[in-house]
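Student: structure, please.
(2 chains)
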Amino acid sequence: MELIKNGKRIDGRKFDELRPIKIDVGVLKRADGSCFMEWGKNKVLAAVYGPRECFPKHTQNSYKAKLTYRYNMAPFSVDDRKRPGPDRRSTEISKVSREALEKVIFLEYFPRTAINVFVEVLQADAGTRCVALTAASIALADAGIPMRDVIVACAAGKVEDEIVLDLCQEEDNFGSADLPIAISPRTGQIHLMQMDGILNEKEFKKAFDMATKGCLEVHEMQKKALRDKYEKIGEVYGNE
Amino acid sequence: METSEIVWEIKKDSIRKMIQSGKRSDGRALDEYRKMEFLENYIPKAQGSCLVKIGDTQVLVGIKMDVGTPYADSSDRGNLSTSCELVPLASPDFNAGPPGEESIETARVVDRGIRESKMIDLEKLCITEGEKVWTVLVDIHVLDHDGNLIDAASIASVKALLNAYLPKMEDGKVLYTERGEKLSVREKPVSSTFASIGGKNLLDPSYEEEMVMDCKFIIVTTEDGNICAMQKSGSGPYNRRDIEEMVETAIRRGKEVRKQF
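Tutor: Model prediction:
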């Protein structure tokens, strides 16, 4: 398959161009915070519950809140039906994503409680872990949970000898490397990093740069989405 | 708090303080690896095996070959499947039962190193296209946990695959106890793990160091000095400079380790 033609990618994007992104904040009534994100053909829904009572009781921590993160793919989200329930891949993604958030949230403010993040991938199109984490951190902000930063995730990768931003499905399947990262935009610190495929040191640095820039670009959209929601609420109250 | 917990808190504190002054509790330099030992073909009943010791950490890997059906998207290639068992005899922290996060992560990071480096020529494992292929089953059995399980599991798996063979096949029947041709291998991925403790990055963390670390970083490199897999594990953040330094060290170390192969 030809993934790059005349300096353009298979879906017509430039090498450092993101897929179209749409963010809706506070889309679920029952959750304390929520976010729906469309990123390319990805459709991801994130919800946050808590801080709330921690069950089972023996898992609670006297010094800080217990954070859980569940990344789950809907059976119809991929080409073949995915068997419902957690598998090894989703367990690993849930683990590294939870760890990415643990040092960002002020968990120590809520001892003995639980903060539960649930992410459902309704339609998958490569890069779901990044979409999930980006949406989850918006949902956490929407839930009013104090955080050091709103973290953001984005991937870069290698497709036919070119380093490109934000791989789509075809590029992910037939490309030669994928580097998802999550950063704290305020400090530039890295909270999640994984890599598969082959990159030399120079390519790695280039991909790292590109993914970081992608993160910062998405972060502006995160901020705007959050601001838009509260501006709307402000207008309603302002009119009274 | 119980006495043992208090003692542990004091110990944790002293380990972290020592590392701040550039010393490790076992006297190693920050980038010094523990002694590695290999016992190859440790389990003759497996089609490939290796027991690896890194200091007091012991990991045994056994390879089994089985005939199965290919996946729909790779009908002309064999399969690779990696699992990891943290057996309860290896540590007081391990419990019997279904695999937890740690064992799944270990297996998946080791698998990624082998798969992405294209170590195994999976196309040579096709018997009849679309119908029959060999499945390489890599089973990681942790025997004693004194830190750095992923490196130990990775090098044991690579070593075991290097001495692995396929069972003999006669008239479409598999003779599992008889030795057939050698497994076709074309790469030697090497994994390097660093623990981050108070901003310092320690190569090959011991169990004690893993108990006090903020997070760790795993980098797998290939013979050409490329990176083929990476994983940040644990909840502390990294600065970009740290990651670039670790990548450099991992590439350099990979070259040295491969000389022992």
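
Student: and the helix or strand hosting residue A:89, what does it pack against?
Tutor: Residue A:89 is part of helix A:88-102, with elements assigned from DSSP states H and E. Counting contacts by 3 or more CB pairs under 8 Å, 6 or more residues apart in numbering or on different chains; DSSP states H and E, the secondary-structure elements packed against helix A:88-102 are strand A:66-73, strand A:113-123, helix A:128-142, strand A:190-199, helix B:101-116, strand B:227-234. C-beta coordinates here come from the backbone N, C-alpha and C atoms, glycine included.

Student: need the ones you listed in a markdown table (columns: distance to residue A:97, mean pLDDT and mean neighbour count).
Tutor: As requested, the helices and strands packed on helix A:88-102 are exported to a markdown table (distance: least, CB to CB, whole Å; pLDDT from 0 to 100; neighbours: other CB atoms under 10 Å in any protein chain shown):
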| stretch | distance to residue A:97 | mean pLDDT | mean neighbour count |
| --- | --- | --- | --- |
| strand A:66-73 | 5 | 97 | 21 |
| strand A:113-123 | 8 | 97 | 21 |
| helix A:128-142 | 5 | 98 | 28 |
| strand A:190-199 | 7 | 97 | 24 |
| helix B:101-116 | 12 | 97 | 24 |
| strand B:227-234 | 11 | 98 | 24 |
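
Student: want to throw those into JSON lines with distance to residue A:184?
Tutor: Converted to JSON lines, the helices and strands packed on helix A:88-102 look like this (distance: least, CB to CB, whole Å):
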{"stretch": "strand A:66-73", "distance to residue A:184": "16"}
{"stretch": "strand A:113-123", "distance to residue A:184": "17"}
{"stretch": "helix A:128-142", "distance to residue A:184": "10"}
{"stretch": "strand A:190-199", "distance to residue A:184": "6"}
{"stretch": "helix B:101-116", "distance to residue A:184": "23"}
{"stretch": "strand B:227-234", "distance to residue A:184": "13"}
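
Student: and residue A:95, which of those is closest to it?
Tutor: Ranking these by proximity to residue A:95 (CB to CB) places helix B:101-116 first, at 4.6 Å.

Student: how far off centre is the closest one?
Tutor: Using CA atoms, centre = their mean, to the nearest Å, the mean C-alpha position of helix B:101-116 is found 7 Å from that of the whole chain.

Student: would that helix count as contacting chain A?
Tutor: Yes: between helix B:101-116 and chain A, judged by CB under 8 Å from any CB of the partner chain, the touching residues are B:101, B:104, B:105, B:107, B:108, B:112, B:115, B:116.

Student: the inter-axis angle of that helix versus strand B:227-234?
Tutor: Here helix B:101-116 runs at an angle of 170 degrees relative to strand B:227-234 (axes from the mean of the first three to the mean of the last three CA atoms, to 10 degrees).

Student: helix B:101-116: what's the following helix or strand?
Tutor: Once helix B:101-116 ends, the next helix or strand along the chain (criterion: DSSP H and E) is strand B:126-128.

Student: helices and strands around that following strand, which ones?
Tutor: The criterion is 3+ CB pairs under 8 Å, 6+ apart, and the helices and strands that strand B:126-128 contacts are strand B:132-144.

Student: so how far is the strand it packs on from its chain's centroid?
Tutor: The chain centre lies 12 Å from the centre of strand B:132-144; the measure is CA atoms, centre = their mean.

Student: strands paired with that strand, and their directions?
Tutor: Strand B:132-144 pairs in its sheet with strand B:57-68 (antiparallel), strand B:79-86 (parallel), strand B:126-128 (antiparallel), by DSSP bridges.

Student: for residue B:142, find the nearest of the helices and strands packed on helix A:88-102.
Tutor: Going by CB to CB, the one of the helices and strands packed on helix A:88-102 nearest residue B:142 is helix B:101-116, 8.1 Å.

Student: out of the helices and strands packed on helix A:88-102, nearest to residue A:227?
Tutor: Among the helices and strands packed on helix A:88-102, helix A:128-142 comes nearest to residue A:227, with 10.7 Å by CB to CB.

Student: average model confidence for whichever helix or strand comes after that closest one?
Tutor: Beyond helix A:128-142 on the C-terminal side, the first helix or strand identified by DSSP H and E is strand A:152-159. Per-region confidence: strand A:152-159 scores 98 on mean pLDDT.

Student: so what secondary structure elements neighbour strand A:152-159?
Tutor: Taking 3+ CB pairs under 8 Å, 6+ apart as contact, the helices and strands that strand A:152-159 lies on are helix A:128-142, strand A:162-165, helix A:169-174, strand A:177-183, strand A:190-199, helix A:201-239.

Student: does the longest one reach chain B?
Tutor: Yes: shown here: helix A:201-239 in contact with chain B (CB under 8 Å from any CB) through A:201, A:204, A:205, A:208, A:212.

Student: what residues sit buried inside that helix?
Tutor: Of all the residues in helix A:201-239, those buried under the rule 16 or more other CB atoms under 10 Å in any protein chain shown are A:201, A:203-208, A:210-212, A:214-215, A:217-219, A:221-222, A:225-226, A:229.

Student: which SSE is residue 44 in?
Tutor: No chain was given, so I picked chain A. Since the elements are taken from DSSP H and E, residue A:44 ends up inside strand A:42-53.

Student: let's do chain B instead
Tutor: Using DSSP H and E, residue B:44 is not contained in any helix or strand.

Student: and it, how far is that from chain A?
Tutor: 30 Å (CB to the nearest CB, to the nearest Å).

Student: please apply the same query to residue B:195.
Tutor: When CB to the nearest CB is the yardstick, residue B:195 and chain A sit 14 Å from each other.

Student: one more: residue B:24?
Tutor: Counting by CB to the nearest CB, the separation of residue B:24 from chain A is 24 Å.

Student: that's a helix at that residue, yeah?
Tutor: No: applying DSSP: H, G, I helix; E, B strand; the rest coil, one finds residue B:24 to be coil, outside a helix.

Student: between the top helix by length along chain B and strand A:177-183, how big is the angle?
Tutor: Counting by DSSP state H, the longest helix found in chain B is helix B:240-259. Angle, helix B:240-259 to strand A:177-183, by the same axes, to 10 degrees: 140 degrees.

Student: for chain A, give me the ranges with low pLDDT.
Tutor: Confidence mapping of chain A against pLDDT under 70 gives the ranges A:238-240.

Student: interface residues of it facing chain B?
Tutor: Counting by CB under 8 Å from any CB, the residues of chain A that sit close to chain B are A:80, A:88-89, A:91-92, A:94-96, A:98-100, A:102-103, A:179, A:184, A:187-201, A:204-205, A:208, A:212.

Student: ok now the helix holding residue A:89, how far from the chain's centre?
Tutor: Here the centre of mass of C-alpha atoms in helix A:88-102, compared against the chain's by CA atoms, centre = their mean, lies 11 Å away.

Student: what pLDDT, on average, does stretch B:253-260 get?
Tutor: For stretch B:253-260, mean pLDDT rounds to 92.

Student: kindly report the same for stretch B:183-200.
Tutor: Over the span of stretch B:183-200, the pLDDT mean works out to 96.

Student: from start to finish, how long is that stretch in a straight line?
Tutor: Between the opening and closing residues of stretch B:183-200 we find a distance of 40 Å, counting by CA to CA, to the nearest Å.

Student: what comes up buried for it?
Tutor: So stretch B:183-200, judged by 16+ other CB under 10 Å, has buried residues B:183, B:185, B:187-197, B:200.

Student: point to the residue nearest the middle of chain B.
Tutor: Closest residue to the average C-alpha location of chain B: residue B:154 at 2.2 Å, with CA atoms, centre = their mean.

Student: so who does it touch?
Tutor: Under the criterion of CB atoms under 8 Å, 6 or more residues apart in numbering or on different chains, the contact partners of residue B:154 comprise B:109, B:110, B:113, B:189, B:190, B:191, B:220.
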